[in-house]
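> here is a sequence together with a model predicted from it:
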Amino acid sequence: MKRNTIILGALLSAAAATAAPEYVNIATPNTSLILMTDSAAAPALLYYGPAVADPVQAALAAPENRRTDAYPVFGNYPEGESALSLTMPDGNMTLVLEQKGSPRVTSEAGGATVTSIPLVDRHYPVEVTLNYRTFPGEDVIETWADITNRGKKPLTLTRFDSAALPFASADAWLTSLYGSWANEARVNTERITPGMKVIQNKDGARNSHTSHGEIMISLDGRPSERSGRVIGAALVYSGNYRLRINSDDRGNSQLFAGINPDESAYRLMPAETFTTPALALTFSDSGMGEVSRRFHRWGRNHHIAHGTEVNPILLNSWEGVYFNIDEPTMAGMMQDIADMGGELFVMDDGWFGRRDSDNSSLGDWEVDRRKLPHGLKWLTDEARKKGVRFGIWIEPEMTNSNSEFYKKHPDWILRAPNRDIVEGRGGTQLVLDLANPKVQDFIFNLVDTMLTNNPEIAYIKWDANAPVMQYGSPYLPADRQSELSIRYHRGLTDVLRRIRAKYPDVAIQACASGGGRANYGLLDYTDEFWVSDNTDALQRLGAQWGTSLFFPAVAMGSHISAVPNHTTYRVVPLKFRCDVAMTGRLGMEIQPRDMSAEDRDFCRKAIAEYKKIRPTVQLGDLYRLVSPFDGKGACSLMYVAPDKSQAVYYWFRTNNDYSAPLATRTPMDGLDPDATYKVTELNAIDLTPLPYEGKTFSGKFLLDNGLEMRSNHDLPWGKKVDYCSRVLLLEKQ
Ligand code: DGJ
């Protein structure tokens, strides 16, 4: 591992400062981020790219005449964009920062180092520390700022980005995710043009149904999976965010990323430090695929709870029975998933209060004895007898106006004074005031009591089905109302941190009407997220593809559901549904008793096949081959085990249109060229095997040529289907 080095540099003519600058090389094995620091000025960020041994060379070669501030502040020359803006107690809105002392480098467990650069205002008692944490194993750098009030009166922060990153390219492209409920993680690719591009979220509670706080910037023209220089940026935050790319007419750009400052002015009290969330950066000179793999490894190793362990195969009750929960049905589902080889049963919404529909009872977290007369212990006992673990759904940040809880605690919900309450799902849903420590304690105690009384609960599905619909906290004083969004997420992560500390082994899924909580801010506390309420396999290909740009398969809940699909009403054959679900963390979202014996048998076999490839899928390296967004009639991807001993290749026909192009063959990726791989089709249904079934190929041949996909299933008349998918197991011989 390379250590961070602080190198004394020569005087540069480009350096505006008076003293000799120093260069700080924030280095990972394959990347460098080079800062020029100077005791008489704030640091400049001169370079982010492939590893550089001598930072002076990168500094000499840096473009002139562009803004390179590592952390631009609103101050003198206010025409530029800033990362930090505040108002001093005397009304002065400018900051002028200079470095105070040398950068500090500290080593952390796991090989990470943190370089901290202390800055102070020239006149006012304001300190800003810029921090850069390296992850040498993954080539990721996390950067954030600490803003401290050393004065005697409060300051008001009005913008507080985590970081800024200057970059230059005559043909830079942005890849980002957008969408909506049931249409999460669509991929948007656009050229970066002069002016300001803004990506932001203001949901208040969930931040990824629409746009995402993760992006890629391709510096060498149109993005490619396998070539070109690409910067990846992911904000490690669960709340409202804003990403800005400000570009001039010469191809000079600055990326800013942080908490969304709209209506969020923050009073920073004397001696208080405001720590921004981290912005995680990575860089690849071989396309977007490598950026994804670096984020996946960093996520698994450093953020995702239990991210280095495989997640269980589960049956979730929601799409199977919705609110119609009762003991025989739950026990039957447990038996069925056990019989099919699954490992966990999750009882979804409907088990508490009088929750027969979505219009009541959130907050009344007592078992509904009409449905479950013997309580939760009976269920965990049943699960144990049947050989599966037990999980449970809660939506602890919410209540309904139609609940006992709300009658007792009308002041625990978010609402604005003198306004009628605004209700969401079911016409009655309300969001709790997570800024209130009593509400935080209530949620912690709910989970604590449940897990203490039922120690066999192994998994919690933590849902959140409403945005913040009215802006106001009955708890916060009048002069802190604008801190609500920030304090909501502090409250949420504080509660989750307490739960994690006491129950480190319990798995948690972050669900939010589907994929509203796919972010690294929550994955520190959660094991996975639910990608989308849209479980239509064809649509899931797109949602999972987009999500995979930043998140690994181990975190992506991906379930086999019934047909017609409950969102799209599309009828997709079971094999295709199984194959799609097997590209992520496999589960089922169906009432097995509604399936034919033949279909259940198919799922049983698919689960057995998935177990063979699960470590490779969940913990291996992803290679995206054919995008479902590229109009090639197909989608293809593969996972390769880190030691390249096993790989699994997927191919899906996405458009059965004989007049349209169809990519039936594409070179593979990630394999060992010198190895020999045996090919076996998984979940095979054709009457005649593929021509290469059981045959061996050199890794080089597969990397150069791929394999031709038979694009229809060879089935008897009457059983033929207008879908086709292939899963190939590649085993090193
Ligand atoms: C929304 C989730 O996304 C679903 O999976 C399900 O848990 C429902 N909420 C339950 O109300």
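Sure, I can see it. Numbers count the residues shown, from 1 in each chain.
> rest of the way, CA atoms for contacts and neighbours
Fine.
> up against the ligand, what does this structure have?
For the chain, the contact set with the ligand under Cα under 6 Å from any ligand atom comprises 318, 348-349, 511-514, 533.
> which of the residues you listed sits closest to residue 90?
residue 512 (43.0 Å; Cα to Cα).
> what are the phi and psi values at the nearest residue to that closest one once chain neighbours are set aside?
Excluding the flanking residues, the one nearest residue 512 by Cα to Cα, 6 or more residues apart in numbering is residue 464, at 4.4 Å. Phi and psi for residue 464, reported as degrees, to the nearest 10, are phi -160, psi 100.
> ok, residue 464 touching residue 509?
No: counting by Cα atoms under 8 Å, residue 464 stays clear of residue 509, with 11.1 Å between them.
> in this protein, which helix has the most residues?
helix 597-619 (DSSP state H).
> now do the buried residues in it.
Neighbour counts over helix 597-619 (16 or more other Cα atoms under 10 Å) mark 600, 602-608, 610-611, 613-619 as buried.
> and the next helix or strand after that helix with helix 597-619, angle?
Counting by DSSP states H and E, the element after helix 597-619 in chain order, helix or strand, is strand 621-626. Computed with axes from the mean of the first three to the mean of the last three Cα atoms, to 10 degrees, the direction of strand 621-626 lies at 120 degrees from that of helix 597-619.
> parallel or antiparallel, list what pairs with strand 621-626.
strand 634-640 (antiparallel) (DSSP bridges).
> compute the inter-axis angle for whichever helix or strand comes after the partner strand and helix 597-619.
Scanning forward in sequence from strand 634-640 by DSSP H and E, the next helix or strand is strand 646-653. Angle of strand 646-653 versus helix 597-619, following the same axes, to 10 degrees, is 120 degrees.
> could you list the buried residues of strand 646-653?
For strand 646-653, by 16+ other Cα under 10 Å, it's 646-653.
> and residue 503, how far from the ligand?
22 Å (Cα to the nearest ligand atom, to the nearest Å).
> against residue 26, how distant is that residue?
Remark: distance between residue 503 and residue 26 (Cα to Cα, to the nearest Å) = 36 Å.
> of the two, give the one with the bigger neighbour count.
Taking other Cα atoms under 10 Å, residue 503 and residue 26 do not tie; residue 26 has more neighbours (26 against 16).
> what residue in the stretch 201-350 of the chain comes nearest to the ligand?
residue 349 (4.8 Å; Cα to the nearest ligand atom).
> SS state for that residue?
Following DSSP: H, G, I helix; E, B strand; the rest coil, the label given to residue 349 is coil.
> pretty sure it contacts residue 320?
No: with contact defined as Cα under 8 Å, residue 349 does not reach residue 320; the gap is 11.5 Å.
> residues contacting the spatially most central residue of the chain?
Nearest to the mean C-alpha position of the chain, by Cα atoms, centre = their mean, lies residue 519 at 3.2 Å. Neighbouring residues of residue 519 by Cα atoms under 8 Å, 6 or more residues apart in numbering: 207-208, 212-213, 235-238.
> hmm, 10 Å instead?
Taking Cα atoms under 10 Å, 6 or more residues apart in numbering, we find residue 519 in contact with 206-208, 212-214, 234-239, 510, 528-529, 550-551.
> between residue 464 and residue 509, what contacts are shared?
With Cα under 10 Å, 6+ apart as the test, residue 464 and residue 509 both reach residue 517.
> for the stretch 251-400 of the chain, just list every one of the helices.
Assigned helices in the stretch 251-400 of the chain, in chain order: 287-298, 318-321, 327-339, 375-386 (criterion: DSSP state H, counting those that start in this stretch).
> now the third one: average pLDDT?
This points to helix 327-339. Helix 327-339 carries an average pLDDT of 98.
> now do the strands in the stretch 101-250 of the chain.
Ranges of strands within the stretch 101-250 of the chain are 104-107, 113-121, 126-135, 140-149, 155-168, 173-178, 186-191, 195-200, 214-218, 230-235, 241-247, based on DSSP state E, counting those that start in this stretch.
> what lines up beside the fifth one in the sheet?
When you say that, I think you mean strand 155-168. Strand 155-168 has the following strand partners under DSSP bridges: strand 84-87 (antiparallel), strand 252-259 (antiparallel), strand 266-268 (antiparallel).
> then the fourth one?
As defined by DSSP bridges, the strand partners of strand 140-149 come to strand 126-135 (antiparallel), strand 273-275 (antiparallel), strand 279-284 (antiparallel).
> most tightly packed of those?
Highest mean neighbour count among the strands paired with strand 140-149 (mean count of other Cα atoms under 10 Å): strand 279-284, with a mean of 26.
> circling back: relative to residue 349, how far out is the residue nearest to residue 512?
Taking Cα to Cα, one finds residue 464 at 12 Å from residue 349.
> neighbour count winner among those two?
residue 349 (24 against 21).
> in the stretch 451-600 of the chain, which spans are helices?
Here the stretch 451-600 of the chain has its helices, by DSSP H, counting those that start in this stretch, at 484-502, 520-523, 537-548, 574-581, 597-619.
> any chance of the ones you listed in a markdown table, plus mean pLDDT?
Converted to a markdown table, the helices of the stretch 451-600 of the chain look like this (pLDDT from 0 to 100):
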| stretch | mean pLDDT |
| --- | --- |
| helix 484-502 | 98 |
| helix 520-523 | 98 |
| helix 537-548 | 98 |
| helix 574-581 | 98 |
| helix 597-619 | 98 |
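> so how many other residues sit close to the residue in the stretch 1-150 of the chain that the ligand sits nearest to?
Among the residues of the stretch 1-150 of the chain, residue 142 lies nearest to the ligand; the distance is 30.5 Å by Cα to the nearest ligand atom. Close neighbours of residue 142, defined as other Cα under 10 Å, add up to 22.
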